[in-house]
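J.: Show me the folded form of this:
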Amino acid sequence: MARIARGEQSVDRAMQVIANAVTVEQLRQAQAVVLPLRFAMSLQQTAQVTGLSVGWVSKLRNQFIQGKEVGDGTVPARGGRRRQNFTPEEEVAVLKPFLEQARKGGILVVGQIKHDLEEALGHPMSLSSVYTLLHRHDWRKLAPDKHHPQSDPEAQEEWKKNSSKRSKRSAKTGKENLSD
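T.: Numbering: from 1, shown residues only. Predicted coordinates for the structure are as follows:
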């Protein structure tokens, strides 16, 4: 046997919300209260009528009965950045010196940015989080590719000019050229 629906004291207020609802969320929340009490509908039937899941109907009913109406500011809105290290404004403030350095033609290294972000944050952060933050601010890899410190570009060019073009073993077929 199903439990008796609670919230009789909220029905009149829910009827007023239905009459004056501005958003669909407000209407659905009030319907989640009224339908089980006035029309003896189960939560499953109420969920089907409102187009929500049984869990959401139950959640909306309980919030309404507790006095937390959707859209009145007491219930936080869904969405947004829930797991953020910095607010968007703080991110811009922390990255500002690096942006100025880049405008002057300086080389930016992600390791330096990571170190400064960790100091501002107060705990370590992963390198992927740093790259995600940079991507969020439309950055790309700004440091040039590194070259070997003992490389000699002149010697490399000289070798390219004077080396033999192709040995007999490296024919296009990959087999030894026996006709020569």
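
J.: Specify the local secondary structure of the residue nearest in space to the middle of the chain.
T.: For the chain, residue 81 is the residue whose C-alpha lies nearest the centre (Cα atoms, centre = their mean; 7.1 Å). Following DSSP: H, G, I helix; E, B strand; the rest coil, we place residue 81 in the coil state.

J.: Ramachandran angles for it?
T.: When read as degrees, to the nearest 10, the backbone of residue 81 gives phi -90, psi 100.

J.: shaky segments in this structure?
T.: Scanning the chain for pLDDT under 70 picks out 1-3, 72-78, 140-146, 166-180.

J.: Please give the per-domain residue ranges for it, including any split domains.
T.: With domains defined by automatic domain parsing, the chain comprises 8-65, 88-136.

J.: Of all these, which one is nearest residue 154?
T.: domain 88-136 (24.2 Å; Cβ to Cβ). Backbone N, C-alpha and C define where each C-beta goes, glycine included.

J.: Compare the domains of the chain and give me the one nearest residue 151.
T.: Nearest of the domains of the chain to residue 151, taken as Cβ to Cβ: domain 88-136 at 18.6 Å.

J.: Tell me, how many residues neighbour the nearest residue to residue 116 once chain neighbours are set aside?
T.: Spatial nearest neighbour of residue 116, excluding adjacent residues (Cβ to Cβ, 6 or more residues apart in numbering): residue 94 at 6.7 Å. When neighbours are counted by other Cβ atoms under 10 Å, residue 94 registers 18.

J.: Would you map the helices across this protein?
T.: Under the criterion DSSP state H, helices of the chain are mapped to 11-20, 24-38, 43-50, 54-65, 88-103, 110-121, 127-136, 153-162.

J.: Most tightly packed of these?
T.: helix 24-38 (a mean of 21; mean count of other Cβ atoms under 10 Å).

J.: what sits up against that helix?
T.: Residues from elsewhere that reach helix 24-38, judged by Cβ atoms under 8 Å, 6 or more residues apart in numbering: 5, 7-8, 10-11, 14-15, 17-18, 21, 41-43, 45-46, 49-52, 57-58, 60-61, 63-65, 69-71.

J.: send the alpha carbons of it over as PDB?
T.: Coordinates of each C-alpha in helix 24-38 appear next as PDB, following Å, rounded to 0.1, in the frame of the first residue of the first chain:
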ATOM      1  CA  VAL A  24       8.000  25.900 -16.700                       C
ATOM      2  CA  GLU A  25      10.100  24.900 -13.600                       C
ATOM      3  CA  GLN A  26       7.800  26.800 -11.300                       C
ATOM      4  CA  LEU A  27       4.700  25.200 -12.900                       C
ATOM      5  CA  ARG A  28       6.200  21.600 -12.700                       C
ATOM      6  CA  GLN A  29       7.100  22.100  -9.100                       C
ATOM      7  CA  ALA A  30       3.600  23.200  -8.100                       C
ATOM      8  CA  GLN A  31       2.100  20.400 -10.100                       C
ATOM      9  CA  ALA A  32       4.300  17.900  -8.300                       C
ATOM     10  CA  VAL A  33       2.600  19.100  -5.100                       C
ATOM     11  CA  VAL A  34      -1.000  19.400  -6.300                       C
ATOM     12  CA  LEU A  35      -1.400  16.300  -8.500                       C
ATOM     13  CA  PRO A  36      -0.800  13.700  -5.800                       C
ATOM     14  CA  LEU A  37      -2.900  15.500  -3.200                       C
ATOM     15  CA  ARG A  38      -5.900  16.800  -5.200                       C
END
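
J.: If anything else comes up later, I'll come back, but that's it for now.
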